[in-house]
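Asks: Sequence first, predicted coordinates after that:
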Amino acid sequence: MGSAIQSQHLRMSYRIGRGEQGVLTFEPYKSALLPLWRFRTLDIARRSSKDLWDRFEAYGKEGDFVGMDMCRKFIQMGMTRAKRYANHKGGRKYDKTSGQELKKSYEHRDAKEKLEASELFKAVWTRCQEDPVYKRLKGEFQTEQKEWDREQKLLNKEHDSR
């Protein structure tokens, strides 16, 4: 499945971050999950959220927290992007020239479907957040990462003092 779990250095370089932070930069997960992330129509969003949830569970069975968290981020991004397209026709939140935030427009043709897609992703995102395997692996990962960071800091300090 393309897990970074084989490389401790790569795993420990992952940061949970806020919201979707890092979702489009952390490989190999970005390339594995990006093709699954879609929300153009409600049916496409339904399939996408299911595929991402299935991958989330598969990573959980492998004990791969980073993979699970990346799935959670893509699911969250499905929720936020679909909501943006519900709120703004064409998904553009800011004016190209002025940079000013555009007025929300809920009356465009796709607004209802995009809002439903956002709610669909939100329900799956909530399941991710509440998943007991995810919670357990997250705690273990954070503990391991803290220790790793502490060790790296000591190694760097030792190296710098030479």
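Replies: Done, it's in.

Asks: So what's the residue count around residue 161?
Replies: 6 (other CB atoms under 10 Å). For the C-beta atoms, the positions are set from N, CA and C on the backbone; glycine is no exception.

Asks: distance of it from residue 155?
Replies: Distance, residue 161 to residue 155, using CB to CB, to the nearest Å: 11 Å.

Asks: Just give the closest residue to the one residue sitting closest to the centre of the chain, not the sequence neighbours.
Replies: For the chain, the residue sitting closest to the mean C-alpha position, by CA atoms, centre = their mean, is residue 73 at 1.1 Å. Nearest residue to residue 73, sequence neighbours excluded (CB to CB, 6 or more residues apart in numbering): residue 23, at 4.0 Å.

Asks: Surely that neighbour touches residue 72?
Replies: No - shown here, residue 23 and residue 72 do not form a contact pair, counting by CB atoms under 8 Å, at 9.3 Å.

Asks: who's more crowded, the two?
Replies: Taking neighbours as other CB under 10 Å, residue 23 and residue 72 compare with residue 72 leading, 26 against 22.

Asks: what's the pLDDT at that one?
Replies: For residue 72, the pLDDT comes out at 98.

Asks: Distance check, it against residue 26.
Replies: Residue 72 is 13 Å from residue 26, by CB to CB.

Asks: ok, now residue 16?
Replies: Separation of residue 16 from residue 26 (CB to CB): 11 Å.

Asks: Thank you, goodbye.
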